Every structure is written in C-alpha cells, then in structure tokens.
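J.: for reference, the sequence and a predicted model appear below.
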Amino acid sequence: MPAPLPLRCTPPRMSTRPFYLGRRSQRAIMFRQGTMDTFSTKNLALQAQKKLLSKMASKNTVSIFIDDTSSEILDELYRVTKEFTRNRKEAQKIVKNLVKIVMKLGVLYRNGQFDAGELALLERFRKKVHTLAMTTISFYQIDFTFDRRVMSNLLNECRELLHQAVNTHLTTKSHSHINHVFNHFADYEFLSALYSSSEPYRTHLLRICEGLNRMLDEGNI
C-alpha cells in the first residue's frame, strides 16, 4: 500500500491594505501621502482653536474672551433683541453668532493669519466700528437726530469690510453667521424700536451707550 501524500498547509495570501479600503482608495491615499502631503500642525492647531472656541461660544462664557464692558453691551443687545423678536432662542442665536465672529477674528489675528492687505481692511473695519459707536451715542444724546438709514448704512459697511478681511479664512457657514448678525442689527424696524422713547428700549439703549462710552474712553473701540 503506497504511503499517503503529505498535506500542503500553505496559508492563504493576506492583503496588506486595510479591509475597509478598495484598491483605488488605497492608491489615492498612497499618492497623497507620497506627493501631496500638506499636513501642518500649525494649521491643525489653528483649526482646533477656532472649532473649540465656536463650541464654547455662549452668553455665559463670553466673559472668558471679552472684557466686562463688552460683555455688558452684549447682554443688553441680547435683551433688546429678545424684546424686539419676542423669541428667546433667536436672540440667543444672534448673540452667539456675534460672539463666534469676535472669537474667530481674535484667534486669526493672534496667530498672524492676516496678510498686509487684510490687515489694512481690518483697520478700515476698526475705524468704521469707531464711527458707528460715536454715531450710536450721538443719536441717543441729541434729540431728533436719529436717522435709521445712517445707522443701517454704517452697519452694512462694517459687514462688507469684515467679509472682505476674513474672506479666505472662514467657512461659508461663518460668513452666513456674519450676515445673520448684521441683517438683524441693520434692520430698519429694529433700529426704530431701539431708538424709540418707549420702555424697555430706552433703558437698553442707555446702557449700551454707557458701555460704548467706556470703551471709547479706554481706547478699546
């Protein structure tokens, strides 16, 4: 009787690519890793900061990033917006978006992300905001001078300068947040209500102007 043939126990050939990737996906990743790797820890850290600050943005945590006077003004803007819209959630959303814009702008500036042209736009934006603050106070202090068209135009000019300065740095969603904020505050009906003689608008405007005066005196706006 012939001896039995030995059994071959050759292990099956195992693929070295991850089970969740097809050949095309694997080749694409190898190509990117080999010739198009643009990974940057600096950019990663910057994005992480912006994302973290966005998640933390709320009326309760704003004092971490904005001084006390600015926080008081934001609180009054929230209250007067809630009074006008009769919608607490919408008022919170508007102020939260405003805080996000301020924080992202600060992160970009501190990390030296703006070029010379963008810094020039930001300087124009700062001067326009200064004019807006002065006009806000003047219209409150001097009777019969309020002109909602002037206020609305100033706000819209601020909006456009800001869009231009951060054009390539922020996402489409962030730009929509800018529009959401400025569309509300530049609205004719809102401005008319804010400058009306009725309460509680008059008190809110008084406190806003007091805060703006302090910021102007301290050179913070």
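T.: Thanks, I have it.

J.: let me see the ranges of the helices in the protein.
T.: 23-35, 41-56, 68-85, 88-110, 116-141, 148-165, 172-185, 188-194, 201-217 (DSSP state H).

J.: can you add mean neighbour count and mean pLDDT and give these back as TSV?
T.: Backbone N, C-alpha and C define where each C-beta goes, glycine included. Shown next, in TSV, are the helices of the chain (neighbours: other Cβ atoms under 10 Å; pLDDT from 0 to 100):
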stretch	mean neighbour count	mean pLDDT
helix 23-35	11	45
helix 41-56	13	57
helix 68-85	18	92
helix 88-110	18	89
helix 116-141	16	97
helix 148-165	17	98
helix 172-185	16	97
helix 188-194	16	98
helix 201-217	17	97
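
J.: pLDDT score for Asn220?
T.: Listed pLDDT for Asn220 reads 87.

J.: can I get the CA coordinates of stretch 157-175 in PDB?
T.: Coordinates of each C-alpha in stretch 157-175 appear next as PDB, following Å, rounded to 0.1, in the frame of the first residue of the first chain:
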ATOM      1  CA  GLU A 157     -20.400  99.000   5.600                       C
ATOM      2  CA  CYS A 158     -18.900  97.200   8.600                       C
ATOM      3  CA  ARG A 159     -20.300  93.900   7.400                       C
ATOM      4  CA  GLU A 160     -18.800  94.300   3.900                       C
ATOM      5  CA  LEU A 161     -15.300  95.200   5.300                       C
ATOM      6  CA  LEU A 162     -15.400  92.200   7.600                       C
ATOM      7  CA  HIS A 163     -16.400  89.800   4.800                       C
ATOM      8  CA  GLN A 164     -13.500  91.100   2.700                       C
ATOM      9  CA  ALA A 165     -11.000  90.900   5.500                       C
ATOM     10  CA  VAL A 166     -11.800  87.300   6.500                       C
ATOM     11  CA  ASN A 167     -12.800  86.100   3.100                       C
ATOM     12  CA  THR A 168     -10.400  83.200   2.700                       C
ATOM     13  CA  HIS A 169     -10.100  82.400   6.400                       C
ATOM     14  CA  LEU A 170     -13.700  81.500   7.400                       C
ATOM     15  CA  THR A 171     -16.100  78.900   6.100                       C
ATOM     16  CA  THR A 172     -19.300  79.700   4.200                       C
ATOM     17  CA  LYS A 173     -21.200  78.900   7.400                       C
ATOM     18  CA  SER A 174     -19.200  81.500   9.300                       C
ATOM     19  CA  HIS A 175     -19.900  84.100   6.600                       C
END
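
J.: before I go, just wanted to say thanks for your time.
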